[in-house]
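Student: structure for the following, please:
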Amino acid sequence: MSFSILKKIGDAQKKKAVVDVRSGDTVRVTQKIKEGNKFRLQTFEGVVIRVDRKESHTARIVVRKVTSGVGVEKSYLIHSPLVEKIEITKRSKVRRNNLSYLRERSGKSARLQGKDFDRAGVNDVTVAEEAEVEVVEEVPAEEVKEETKEESKEETKA
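Tutor: Next up is the predicted model:
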C-alpha cells in the first residue's frame, strides 16, 4: 500500500519528456546555477559513463570529460528542475552500462567507436513534448507589430 503511494509521488516529480541517454553518448548538459539571487546557465559536455535507475524519478547520469589533462566527472539527476536540457551530440557503440574503465585511459585508448543515429530526431522530439504548447494559428510578425501599435494608440486616447 505505501509503496504505491510513494510511486505516485515519485511519478509526479518526473519530467514529461526526457532524452533517451545511454552509456557512451557524448552529451551537452545545460544546468541552472544559482549565484546570489540570480540564475545562470552552465553547459558541461562529456561522455556518459554511467546511467542509473533509468525508469525512476531518481534517474542519474554520470558525465566525464578531460580538461587540461585532468578528468572531471559530474553527476546529474535527469528529472531535476535545475537540469535545463540534455542534448545528445554523438552516440558510440559500447557493450556495458558502466564505462569506469575510461578513467584509467587517455588518448587513443580512450576513444569510443562512433555509431550513426538521428541526432535531430533524438533531441527535437523531446523538446516538442516538453513544450506541450499547441500551435493554434500562426500569425506573421508584421501583424503582431501592427496590433500592438493600434492597441497603444487606443490606450493613449483613453
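
Student: contacts and neighbour counts: CA atoms only from here.
Tutor: Noted.

Student: any idea which residue is closest to the centre of the protein?
Tutor: The chain has Ile86 as the residue nearest its centroid, 1.8 Å off, counting by CA atoms, centre = their mean.

Student: ok, now which ones touch the closest residue to it other than its chain neighbours?
Tutor: Spatial nearest neighbour of Ile86, chain neighbours left out: Val29 (4.6 Å); criterion: CA to CA, 6 or more residues apart in numbering. Val29 makes contact with Thr43, Phe44, Glu45, Val83, Glu84, Lys85, Ile86, Glu87 under the criterion CA atoms under 8 Å, 6 or more residues apart in numbering.

Student: may I have stretch 53-69 exported as PDB, CA atoms only?
Tutor: Coordinates of each C-alpha in stretch 53-69 appear next as PDB, following Å, rounded to 0.1, in the frame of the first residue of the first chain:
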ATOM      1  CA  ARG A  53      17.800   3.800 -12.400                       C
ATOM      2  CA  LYS A  54      16.600   4.900 -15.900                       C
ATOM      3  CA  GLU A  55      12.900   4.400 -15.200                       C
ATOM      4  CA  SER A  56      12.800   6.000 -11.800                       C
ATOM      5  CA  HIS A  57      12.300   9.700 -10.800                       C
ATOM      6  CA  THR A  58      15.800   9.500  -9.300                       C
ATOM      7  CA  ALA A  59      17.400   8.600 -12.700                       C
ATOM      8  CA  ARG A  60      21.000   9.800 -12.800                       C
ATOM      9  CA  ILE A  61      23.800  10.000 -15.400                       C
ATOM     10  CA  VAL A  62      27.500  10.500 -14.700                       C
ATOM     11  CA  VAL A  63      29.200  12.600 -17.400                       C
ATOM     12  CA  ARG A  64      33.000  12.700 -17.800                       C
ATOM     13  CA  LYS A  65      35.400  15.000 -19.700                       C
ATOM     14  CA  VAL A  66      39.100  15.600 -19.600                       C
ATOM     15  CA  THR A  67      40.000  19.300 -19.200                       C
ATOM     16  CA  SER A  68      43.700  20.400 -19.300                       C
ATOM     17  CA  GLY A  69      44.800  16.800 -18.600                       C
END
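
Student: buried stuff in it?
Tutor: By neighbour count on 16 or more other CA atoms under 10 Å, the buried set for stretch 53-69 is His57, Thr58, Ala59, Arg60, Ile61, Val62, Val63, Arg64, Lys65.

Student: list the contacts of that stretch.
Tutor: The contact list for stretch 53-69 (CA under 8 Å, 6+ apart) reads 10-11, 13-14, 27, 45-52, 71-79.
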